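**Student:** sequence and predicted structure are below.
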Amino acid sequence: MFKYSYDALVYCGEPIRTSIERLAKYGYDAIEMLGEPDNFNINEVNGLCRDNGIKVSSTCSIFTPQRDLVHPDYKIRNHAKDYVKKVVDFTAALGGEKVIVAPTACSKVAPIADIEEELSWAVENVRECAEYAQKCDITICLESWNRYETYITHSLSRVLALLKRIDMPNVGVMGDTFHMNIEEADMAQSLIECGKDLVHIHLADSNRAAPGAGHIDFEPIIKALVEIGYDGYLTFELLPAGADPFAVMAQGGCDEFYDKYTKMAIDTIKAVEKKLNV
């Protein structure tokens with residue numbers, strides 16, 4: 001059986017107590033924290049997790065234009081590294097295992113400097129962050145986004161290529177079925193090709209809603225994860241349609257992303273597990 005986690009960024013600023021209690025209610029094992037350490041009290045989060053039987057699986061870092069590991073301005077690159085290290089400390093203090101990292105800012109779709117120079121900065125700076133994380137027993141998860149959100153790691157194969165250049169034992173590949181549905185010709189085969197390098201995964205349907213609300217067939221995906229011996233969390237990251245999904249949620253009217261989709265997501269994938277006798 002797989003372990004299940006849910007990305008708290010989906011809940012758009014609600015009290016962390018409410019989020020943790022909801023996940024416990026629907027049978028989750030863990031929560032993926034939002035990568036904004038200053039927004040949380042570590043003792044409070046640890047206490048709430050303990051009281052509700054919930055662990056912290058990971059932290060989803062947020063890469064803004066000022067948190068760009070490959071920006072030509074070395075001050076911005078250094079700020080991005082400091083941010084990742086702060087998220088590593090935050091995750092470790094919560095007993096988490098993994099930190100999601102992207103080489104550049106979300107929605108930056110073209111290089112500012114020469115692409116080879118930017119790739120060199122990605123290797124150098126992710127490696128430095130990984131060396132820091134290694135001391136805390138934290139794994140760095142390099143996420144593959146889609147072509148409309150990045151130009152560096154917009155397929156699992158591109159992440160694998162970058163991973164080889166970084167060459168650190170605590171850095172691995174992360175997939176997200178929403179992004180993969182856009183970029184991967186065969187999602188299951190792409191996961192199989194990652195093999196043991198796959199260290200984390202986000203599940204969402206084709207419309208970024210809960211599995212079962214779109215057209216992705218999750219059976220081959222779960223089969224592929226079983227085949228490669230994936231033993232990490234199945235983590236749901238669900239967001240509404242829109243170029244800025246957080247702005248959409250802030251406007252309200254996205255109630256389905258709370259109780260309805262939280263329950264639907266885990267129920268749908270557990271049903272797939274049962275069907276496959278996993």
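**Tutor:** Arrived safely.
**Student:** return the backbone torsion pair for His202.
**Tutor:** phi -110, psi 140 (degrees, to the nearest 10).
**Student:** whoops, Ser190 was the one
**Tutor:** phi -60, psi -40.
**Student:** so what's it closest to, chain neighbours aside?
**Tutor:** For Ser190, ignoring the flanking residues on the chain, the nearest one in space by CB to CB, 6 or more residues apart in numbering is Glu184 at 4.3 Å. The way it works is simple: take the backbone N, C-alpha and C, and place the C-beta from them, glycine included.
**Student:** check Tyr230 too.
**Tutor:** In space, Tyr230 is closest to Leu198, 6.0 Å off (CB to CB, 6+ apart).
**Student:** strands along the stretch 51-200 of the chain, start to end?
**Tutor:** Applying DSSP state E, counting those that start in this stretch to the stretch 51-200 of the chain gives strands spanning 55-61, 98-101, 139-143, 171-176, 198-203.
**Student:** now those in JSON lines, please, with extra columns for distance to Asp267.
**Tutor:** Output for these, formatted as JSON lines (distance: least, CB to CB, whole Å):
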{"stretch": "strand 55-61", "distance to Asp267": "19"}
{"stretch": "strand 98-101", "distance to Asp267": "25"}
{"stretch": "strand 139-143", "distance to Asp267": "25"}
{"stretch": "strand 171-176", "distance to Asp267": "20"}
{"stretch": "strand 198-203", "distance to Asp267": "13"}
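**Student:** now tabulate those strands in TSV and tack on mean pLDDT and distance to Lys3.
**Tutor:** Output for the strands of the stretch 51-200 of the chain, formatted as TSV (pLDDT from 0 to 100; distance: least, CB to CB, whole Å):
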stretch	mean pLDDT	distance to Lys3
strand 55-61	98	8
strand 98-101	98	12
strand 139-143	98	15
strand 171-176	98	16
strand 198-203	98	12
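**Student:** of all the ones you listed, which one is nearest Ile115?
**Tutor:** strand 139-143 (17.1 Å; CB to CB).
**Student:** now that closest one: how far from the chain's centre is it?
**Tutor:** Distance of strand 139-143 from its chain centroid, counting by CA atoms, centre = their mean, to the nearest Å, is 8 Å.
**Student:** before we move on, what about stretch 77-92?
**Tutor:** On CA atoms, centre = their mean, the centre of stretch 77-92 falls 16 Å from the chain's centre.
**Student:** for stretch 14-34, same thing?
**Tutor:** 16 Å.
**Student:** likewise for stretch 150-159?
**Tutor:** 14 Å.
**Student:** ok, residues contacting that stretch?
**Tutor:** Here stretch 150-159 makes contact (CB atoms under 8 Å, 6 or more residues apart in numbering) with 70, 102-104, 106-111, 115, 118-119, 122, 142-147, 162, 173-175, 179-180, 183-184, 190-191, 193-194.
**Student:** mind checking which of these are buried?
**Tutor:** 70, 102-104, 106, 108, 111, 118-119, 122, 142-146, 162, 173-175, 179-180, 183-184, 190-191, 193-194 (16 or more other CB atoms under 10 Å).
**Student:** among those, name the ones in helices.
**Tutor:** The helices, defined by DSSP state H, take in Glu118, Leu119, Ala122, Leu162, His179, Met180, Glu183, Ser190, Leu191, Glu193, Cys194 from the buried ones among the contacts of stretch 150-159.
**Student:** quick one: which of those is nearest Pro37?
**Tutor:** Ala122 (22.9 Å).
**Student:** what sits against that closest one?
**Tutor:** With contact set as CB under 8 Å, 6+ apart, Ala122 has these partners: Leu69, Val70, Pro103, Thr104, Ile152, Leu162.
**Student:** could these go into TSV alongside distance to Ala243 and pLDDT?
**Tutor:** Shown next, in TSV, are those (distance: CB to CB, whole Å; pLDDT from 0 to 100):
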residue	distance to Ala243	pLDDT
Leu69	23	98
Val70	22	97
Pro103	21	95
Thr104	17	95
Ile152	19	94
Leu162	26	97
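**Student:** can you lay out these as a markdown table showing distance to Asp259?
**Tutor:** Shown next, in a markdown table, are the contacts of Ala122 (distance: CB to CB, whole Å):
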| residue | distance to Asp259 |
| --- | --- |
| Leu69 | 36 |
| Val70 | 39 |
| Pro103 | 35 |
| Thr104 | 35 |
| Ile152 | 36 |
| Leu162 | 38 |
